[in-house]
Every structure is written in C-alpha cells, then in structure tokens.
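> Let me see the structure of the following:
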Amino acid sequence: MQKSSKEKSVKIAIIDDDPSMVKVLRIILTSSGYEVVEAMSGTRGFMITKRELPDLVLLDIMMPDVDGFEVCRRLKLDPDTEKIPVIFVSAKTGAEHIEMGLSLGAEGYITKPFELQDILDKIEEVLGPAG
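Numbers count the residues shown, from 1 in each chain. Modelled structure (predicted):
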C-alpha cells in the first residue's frame, strides 16, 4: 500500500442514536488519531457517508428511523459507498443478528458493551495498521 508524503488522516463515520455512545466512540477514535464524522440516525448516517466518504463506518443497528441493517444495505448497493467497510456496533448479540450483518457485507460485528481496545483492534484489522 502506497502512502503519499502528505499524511492523510483516516476518517471514520459513527452512526448511532445514543449520544453517550457517540461521545465515547468519538473520544476513543480522536485520541487514537482518527478523524470522526457522526450521525444520530440511519437516514442522516447514510447521507453523511455519501457526502464525506469515510474510510470506515461504525454502525448501530437499533435506531428510530432506518435501522443499521437497512443503512448497510443501502451503502453496499450505492456505487459511491459500496467499498467503504462497515463494522456493526450493537447491543443485539444473537447469532442471527451477527449473521445478518455479515451477510449484508459488513466486515465486522462488535457487541455492546465492548472493551475500548476491541474497537481499535477491529478497526486496525479492517483498515490495516495506522501510520
């Protein structure tokens, strides 16, 4: 993988309707050197992802307007966003939810509550080591 001499920061979109979860993830990610964009609904999350074209999306499933499964489906069907990796971060722990998320094209599934390091490890696994 080639890097230009001008360092490009890695941008991660957080799509979650829980303000405290968004805040925790924002703090973890920004302190680890990532740029963060965020949305508090599925519809807004899809629009922000289309506009910002982040390097990765952290996506909750249970949201009041459009659930995360539908957001992932839309992202993977859109030519502009189909290659952006998605990691579900959800309180839904059932095997059927994990299988559904992965079958929609997500690169990972982390269940809440999670260890902070688990998020960073999964991001690195999907995107490759930073730096």
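> Contacts only, for the residue sitting nearest the centre point of the chain.
Nearest residue to the geometric centre of the chain (Cα atoms, centre = their mean): residue 58, 1.6 Å. Neighbour list for residue 58: 12, 13, 14, 15, 16, 25, 87, 89, 119 [criterion: Cβ atoms under 8 Å, 6 or more residues apart in numbering]. Heads up, the C-betas are built off the backbone N, CA and C, glycines and all.
> Any chance of a markdown table for the residues you listed, columns neighbour count?
Output for the contacts of residue 58, formatted as a markdown table (neighbours: other Cβ atoms under 10 Å):
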| residue | neighbour count |
| --- | --- |
| 12 | 26 |
| 13 | 26 |
| 14 | 26 |
| 15 | 29 |
| 16 | 27 |
| 25 | 23 |
| 87 | 21 |
| 89 | 24 |
| 119 | 21 |
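> Closest to residue 125 out of the residues you listed?
Nearest to residue 125 among the contacts of residue 58, counting by Cβ to Cβ, is residue 87 at 9.3 Å.
> Looking at that closest one now. What's its pLDDT?
We have a pLDDT of 98 for residue 87.
> Now that it has come up, it's in contact with residue 107, right?
Yes - with contact defined as Cβ atoms under 8 Å, residue 87 counts as touching residue 107 (6.0 Å).
> Please enumerate the shared neighbours of the two.
With Cβ under 8 Å, 6+ apart, residue 87 and residue 107 have common neighbours residue 126.
> How about residue 80, nearest residue that isn't a chain neighbour?
Nearest non-adjacent residue to residue 80, counting by Cβ to Cβ, 6 or more residues apart in numbering: residue 50, 6.0 Å away.
> what's in contact with the helix or strand the one you found falls within?
Per DSSP states H and E: residue 50 is located in helix 42-52. Identification of contacts with helix 42-52 by Cβ under 8 Å, 6+ apart yields 11, 13, 15, 37-39, 57, 59, 63, 65-68, 70-71, 74-75, 78, 80-81, 84.
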